[in-house]
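[1] requesting a structural model of the entry that follows:
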Amino acid sequence: MPDDHPTRTWQEAEDLLHSLASPDEPWVHHSRRTSEVAGRIADALAEAGQDIDPAYIRICGLLHDVGRSIDHGFLHGWEGYQIMMERGFGAYAKCCVSHWFKGRSKKLIRDENISLETALLEQDIYDKVGADTFELDEKIVALADSMTLVDRMVTIDERYDEAEERYGTSPWITGNRRISHAIKAEFDALLGYDLETLFPELGKQK
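    This is a model prediction of the structure:
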């Protein structure tokens with residue numbers, strides 16, 4: 001958690017979200033479910049001895065996609081970062097970008113076929129937000145995002161199978177699937193069990 005920005009309350013986070021979008025927006029439903037998934041994972045990891053703040057992580061999950069109030073493309077993470085910094089939510093801003101980059105290096109971003117113009121812009125952003133680090137709380141939000149399809153909890157493969165049906169196969173989506181499985185494996189090892197057992201809803205929601 002950043003030390004140079006104040007933390008905010010859940011109600012303040014709710015107020016920010018409501019100021020940006022209708023509660024009926026699909027991305028708002030997705031954000032709420034992502035917060036729930038992230039919170040459950042965070043609670044379990046905290047119980048297993050990890051030094052994290054589940055309340056902070058729930059707010060990160062709630063606000064990770066606020067950039068979608070402006071842009072639904074590759075730059076939504078950067079738009080979200082700027083909104084958070086401008087609105088006094090700097091402690092949560094990096095999660096807007098880290099759930100999008102998912103710990104990728106600059107070279108990997110370049111290799112995964114993003115257009116040159118966007119790649120160059122993203123690499124400027126990469127340095128500005130310190131994307132060369134990918135902390136445990138950021139990984140939790142990134143994984144929760146990868147286990148949420150609109151307002152449903154899903155498996156990683158269900159999430160990216162749907163993405164490939166909608167957008168087609170791409171190195172970026174393939175990379176998201178691979179990275180998400182790697183984060184899950186890391187958390188399974190920390191927990192000592194399959195974290196999917198935290199979500200009995202999986203496979204039952206359609």
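
[2] all contacts plus neighbour counts: C-alpha atoms, from now on.
    Fine.

[3] can you count the residues close to Met84?
    Neighbourhood size, Met84 [other C-alpha atoms under 10 Å]: 22.

[4] tell me which residues in the helix or strand bottoming out on mean pLDDT in the chain are buried?
    Every helix and strand of the chain was ranked by mean pLDDT, DSSP states H and E. The lowest is helix 116-129, at a mean of 79. Residues Ala119, Glu122, Gln123, Ile125, Tyr126, Val129 are the ones in helix 116-129 that count as buried (16 or more other C-alpha atoms under 10 Å).

[5] with distance to Arg32 added, can I get these in CSV?
    Formatted as CSV, these follow (distance: C-alpha to C-alpha, whole Å):
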residue, distance to Arg32
Ala119, 29
Glu122, 26
Gln123, 29
Ile125, 26
Tyr126, 26
Val129, 24
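
[6] just to revisit the earlier point, which strands and helices lie in contact with the least confident helix or strand of the chain?
    helix 106-111 (3 or more C-alpha pairs under 8 Å, 6 or more residues apart in numbering; DSSP states H and E).

[7] from Ile140, how far out is Ala44?
    11 Å (C-alpha to C-alpha, to the nearest Å).

[8] name the residue in the two with the higher neighbour count.
    Ile140 (31 against 18).

[9] tell me the secondary structure at the more buried one.
    Following DSSP: H, G, I helix; E, B strand; the rest coil, the label given to Ile140 is helix.

[10] residue contacts, it?
    Ala38, Ile41, Ala42, Ile57 (C-alpha atoms under 8 Å, 6 or more residues apart in numbering).

[11] confidence score at the last one?
    As predicted, Ile57 sits at a pLDDT of 98.

[12] and it, that's in a strand?
    No. Read with three-state DSSP, Ile57 is helix and lies in no strand.

[13] who touches it in this structure?
    When contacts are counted by C-alpha under 8 Å, 6+ apart, Ile57 touches Ser35, Ala38, Gly39, Ala42, Asp137, Ile140, Val141.

[14] confidence score at the closest residue to Leu136 other than its chain neighbours?
    Closest residue in space to Leu136, ignoring its immediate chain neighbours: Ile52 at 7.9 Å, by C-alpha to C-alpha, 6 or more residues apart in numbering. With respect to pLDDT, Ile52 scores 97.

[15] where does Ile52 sit, in terms of helix or strand?
    Assigned by DSSP states H and E, Ile52 belongs to neither a helix nor a strand.

[16] do the same with Asn176
    helix 171-191.

[17] so how far is the first residue of stretch 19-33 from its last?
    Stretch 19-33 has an end-to-end distance of 19 Å (C-alpha to C-alpha).

[18] what residues of that stretch count as buried?
    Residues of stretch 19-33 classed as buried by neighbour count (16+ other C-alpha under 10 Å): Trp27, Val28, His29, His30, Ser31, Arg32, Arg33.

[19] which one of those is nearest to Gly103?
    Nearest to Gly103 among these is Ser31, at 20.3 Å by C-alpha to C-alpha.

[20] who's in contact with the closest one?
    Ser31 sits in contact with Gly61, Leu62, Leu63, His64, Asp65, where contact means C-alpha under 8 Å, 6+ apart.

[21] how near is it to Thr169?
    24 Å.
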